[in-house]
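A.B. asks: give me coordinates for this.
(one chain, ligands or ions: 2)
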Amino acid sequence: MADTQIVNKLARGEEDRIRPCVGASHCMWKKVNCIHNPASGRETILPHVIERSIRPGRRIVVVGGGPGGLEAARVAAERGHKVNLLEAASKLGGQVLIAAKATWRKDLIGIIDWRVGELERLGVEVRLNTLAGPDDVAALKPDGVIIATGGVPDLSWIEGAEHCTSVWDALNETAPAKGDAIVFDGTGRHAAVSAALHLGERGRPVHYVTLDDSMALEMEYPSRVVYRKRFAENGVKCTVDQQLTKVEKRGNRLLATFRHELTGKTMQLEAAEVIVECGTEPVTDVFDGLKGSSVNGGITDNDALLSCKSQTARPIAPSAFELHRIGDAVTSRGIHSAIYDAYRLVLAM
Ligand SMILES: Cc1cc2nc3c(=O)[nH]c(=O)nc-3n(C[C@H](O)[C@H](O)[C@H](O)COP(=O)(O)OP(=O)(O)OC[C@H]3O[C@@H](n4cnc5c(N)ncnc54)[C@H](O)[C@@H]3O)c2cc1C
Ligand code: SF4
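C.D. replies: Ligands and ions are numbered 1, 2, ... in the order given. Here you go, the predicted structure:
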């Protein structure tokens with residue numbers, strides 16, 4: 001499923017171009033789709049082989065080198081466009097670099113490595129360490145701009161957010177380890193369970209608390225079983241049905257207050273560190289700064305997107321460009337959504 005062109009690539013001697021199966025088991029989730037091949041399972045609407053555009057040679061600027069931006073750049077280059085990819089960090093990969101830190105999920109990095117190889121082959125100009133602003137994008141005189149700037153951890157809603165650590169910081173180990181930890185999971189996705197396990201495997205006492213009625217609710221069964229087994233092996237405690245409401249200091253420790261989802265009763269837990277996962281908040285500053293000078297005001301025609309047709313807006317003056325947003329820069333989702341957004345949008349450019 002990850003690469004339906006495997007036989008053709010082998011026949012052409014292109015073994016190094018085979019898109020790897022990264023063992024994400026997204027294909028065992030609600031629908032039969034591959035996490036990083038959006039055409040698999042959608043053969044009636046999406047092609048597996050990208051055709052050259054009938055109007056090649058347009059300048060496409062992609063801002064953000066996470067999975068969404070990498071896919072947008074790859075598809076645009078396959079379509080025969082001239083592509084610039086601007087990435088703020090020193091490495092491509094976005095949040096997948098963090099996701100792949102969890103011990104048993106290292107293969108996820110194949111999603112990034114495969115695309116980086118394809119961009120090199122296709123001659124995409126990649127600029128790292130470039131925190132792009134609207135002026136940097138406009139200076140490239142684009143015909144199309146894809147904003148794939150992702151998101152940042154969404155902690156602002158918590159009373160006492162200043163005392164909390166994000167799962168990004170926990171997995172990146174940006175600060176010295178602080179002893180026992182509470183990991184609150186407000187999404188049921190991979191990030192919180194990965195962080196809890198990461199700390200548990202390093203010998204830290206961890207109490208994982210989730211809003212849902214079971215741990216890791218928003219993922220396929222095989223992954224959930226792996227987390228459950230590894231939680232048990234590493235002594236990670238698990239409490240369900242609790243919403244985090246407040247985090248405050250108690251001496252040199254933290255006190256976290258929760259509300260039971262069904263009874264409304266209060267529960268309090270103390271720990272050295274409180275790690276919180278509630279998805280991401282979109283990063284939209286570049287998008288907002290470019291909206292006014294774009295030909296479509298940054299509005300993506302969703303009917304056209306869903307039917308994989310060209311966006312209706314067309315550049316009308318040499319200085320005008322189409323502007324679109326994809327992936328977590330729209331709303332907090334996942335790798336597949338970011339790649340799927342990119343594929344069907346840019347396929348029609
Ligand atoms: C620990 C963890 C585990 C996860 N596990 C999974 C999983 O198993 N399955 C799944 O589907 N999803 C998972 N996710 C979520 C998934 O990684 C994200 O949804 C996905 O990476 C979003 O892709 P994106 O390209 O939209 O944005 P991002 O991956 O956030 O990338 C955005 C990029 O844009 C760059 N950028 C931002 N602003 C600028 C600017 N002004 N100029 C230049 N560059 C800029 C950033 O540096 C970043 O590299 C996980 C996330 C985490 C944190
Ligand atoms: S979803 Fe993951 S496990 Fe399934 S085919 Fe794709 S890469 Fe492989």
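
A.B. asks: which residues of the protein lie near ligand 1?
C.D. replies: Residues of the chain lying close to ligand 1 by Cβ under 6 Å from any ligand atom are 63-69, 86-89, 94-96, 98-99, 130-132, 148-151, 167-168, 171, 190-191, 194, 283, 286, 327-329, 333-336, 338. All C-beta atoms are positioned from the backbone trio N, CA, C, and that covers glycine.

A.B. asks: so which of those sit within strands?
C.D. replies: Val63, Leu86, Gly151 (DSSP state E).

A.B. asks: which residues does the closest residue to Arg127 other than its chain neighbours contact?
C.D. replies: The shortest distance from Arg127 to any residue other than its chain neighbours is 5.2 Å, reached at Leu86 (Cβ to Cβ, 6 or more residues apart in numbering). By Cβ atoms under 8 Å, 6 or more residues apart in numbering, the contact list for Leu86 reads Val61, Val62, Val63, Gly64, Gly65, Arg127, Thr130, Ala132, Asp136, Val137.

A.B. asks: and the buried ones among these, selectable in ChimeraX?
C.D. replies: Buried subset of those, written as a ChimeraX selection, criterion 16 or more other Cβ atoms under 10 Å:
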select :61,62,63,64,65,130,132,136,137
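
A.B. asks: ok, so of the contacts of Leu86, who is nearest Val116?
C.D. replies: Lowest distance from Val116 to those (Cβ to Cβ) belongs to Gly65, with 8.8 Å.

A.B. asks: ok, that closest one - contacts?
C.D. replies: Contacts of Gly65 by Cβ under 8 Å, 6+ apart are Ala73, Leu85, Leu86, Glu87, Ala89, Leu92, Gly93, Gly94, Val126, Leu128, Ala148.

A.B. asks: in PyMOL, how would I select the buried members of these?
C.D. replies: Buried members of those, defined by 16+ other Cβ under 10 Å, are picked up in PyMOL with:
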select buried, resi 73+85+86+87+92+93+94+126+148
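
A.B. asks: got the contacts of Gly65 as CSV, with pLDDT and distance to Ile299 columns?
C.D. replies: Listed next are the contacts of Gly65 as CSV, based on pLDDT from 0 to 100; distance: Cβ to Cβ, whole Å:
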residue, pLDDT, distance to Ile299
Ala73, 98, 22
Leu85, 98, 23
Leu86, 98, 22
Glu87, 98, 25
Ala89, 98, 29
Leu92, 98, 28
Gly93, 98, 29
Gly94, 98, 24
Val126, 98, 28
Leu128, 98, 30
Ala148, 98, 17
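
A.B. asks: and which of the contacts of Gly65 is nearest to Gly13?
C.D. replies: Comparing the contacts of Gly65 against Gly13 with Cβ to Cβ places Ala73 closest, at 25.0 Å.

A.B. asks: burial measure for Asp185, as a count.
C.D. replies: Asp185 is flanked by 29 other residues according to other Cβ atoms under 10 Å.

A.B. asks: burial of Ala232, as a residue count?
C.D. replies: Residues lying near Ala232 (other Cβ under 10 Å) number 10.

A.B. asks: tell me which residues are up against the regular element (helix or strand) spanning it.
C.D. replies: Element membership for Ala232, per DSSP states H and E: helix 221-233. Residues from elsewhere that reach helix 221-233 (Cβ under 8 Å, 6+ apart): 25, 28, 104, 190, 193, 196-197, 200-201, 208, 215-216, 236, 238.

A.B. asks: now, of those residues, which are buried?
C.D. replies: Buried subset of the contacts of helix 221-233 (neighbour count, 16+ other Cβ under 10 Å): His190, Val193, Ala196, Leu197, Gly200, Glu201, Tyr208, Met215, Ala216, Val236, Cys238.

A.B. asks: pull out the buried positions in stretch 249-269.
C.D. replies: So, applying 16+ other Cβ under 10 Å, buried residues of stretch 249-269: Leu254, Leu255, Ala256, Thr257, Phe258, Met267, Leu269.

A.B. asks: stretch 152-160 now?
C.D. replies: Pro153, Asp154, Leu155, Ile158, Gly160.

A.B. asks: ok, now stretch 168-187?
C.D. replies: Buried residues in stretch 168-187, defined by neighbour count with 16+ other Cβ under 10 Å: Trp168, Asp169, Ala170, Leu171, Ala181, Ile182, Val183, Phe184, Asp185, Gly186, Thr187.

A.B. asks: right, and the helix or strand after the lowest-mean-pLDDT helix or strand in the chain?
C.D. replies: Least confident element among the helices and strands of the chain, by mean pLDDT, DSSP states H and E: helix 302-306 (a mean of 86). Where DSSP H and E defines the elements, the next helix or strand beyond helix 302-306 is strand 322-325.
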